[in-house]
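K.L.:
quick one, fold the following:
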Amino acid sequence: MAVLVVIDIPGGTKEQYEANHSRITSAPWFPPKGLVSHVGAPNDGGWIIVDVWESHDDFRAFAEQARPIFADTGTPPMEPKVYEALNVVIP
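P.N.:
Modelled structure (predicted):
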């Protein structure tokens, strides 16, 4: 079942997001299995990520691979919220 993952990163910066994005997209395991879509944007005092994954297991596997990158860039701790997706439309 597809999932929507929303990650709010209070105190996260554009520089951290760009560093994470660059390192993840250049990793030998990119694109990660199950990633359907990704959006990152600034929000009030931090950063927000909204992803769609083919499954919660795919997201968990990605998070384990990416965790050292987030630590290296000093990204503040984050608590992903995962929701079962009812519909995923890709025109």
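
K.L.:
ok, the nearest residue to P42 once chain neighbours are set aside to W47 distance?
P.N.:
Sequence neighbours aside, K14 is the residue nearest to P42 in space, at 6.4 Å (criterion: C-beta to C-beta, 6 or more residues apart in numbering). C-beta: built from backbone N, CA, C; applies to glycine. For K14, the distance to W47 (C-beta to C-beta, to the nearest Å) stands at 7 Å.

K.L.:
who has more neighbours out of those two?
P.N.:
W47 (22 against 11; other C-beta atoms under 10 Å).

K.L.:
number of nearby residues for the nearest residue to that one once chain neighbours are set aside?
P.N.:
Spatial nearest neighbour of W47, chain neighbours left out: G12 (3.5 Å); criterion: C-beta to C-beta, 6+ apart. Close neighbours of G12, defined as other C-beta under 10 Å, add up to 25.

K.L.:
tell me who's in contact with G12.
P.N.:
Counting by C-beta atoms under 8 Å, 6 or more residues apart in numbering, G12 touches 46-47, 75-76, 78.

K.L.:
what is the nearest of the residues you listed to S22?
P.N.:
T75 (13.0 Å; C-beta to C-beta).

K.L.:
what sits against that closest one?
P.N.:
9, 12, 16, 20.

K.L.:
tell me which element the second one is part of?
P.N.:
Yep, that's G12 we're talking about. Here G12, judged by DSSP states H and E, is contained in no helix and no strand.

K.L.:
confidence score at the residue nearest to P42?
P.N.:
With respect to pLDDT, K14 scores 95.

K.L.:
pull the most distant pair out of the contacts of G12.
P.N.:
Longest span within the contacts of G12, C-beta to C-beta: G46 and T75, 10.3 Å.
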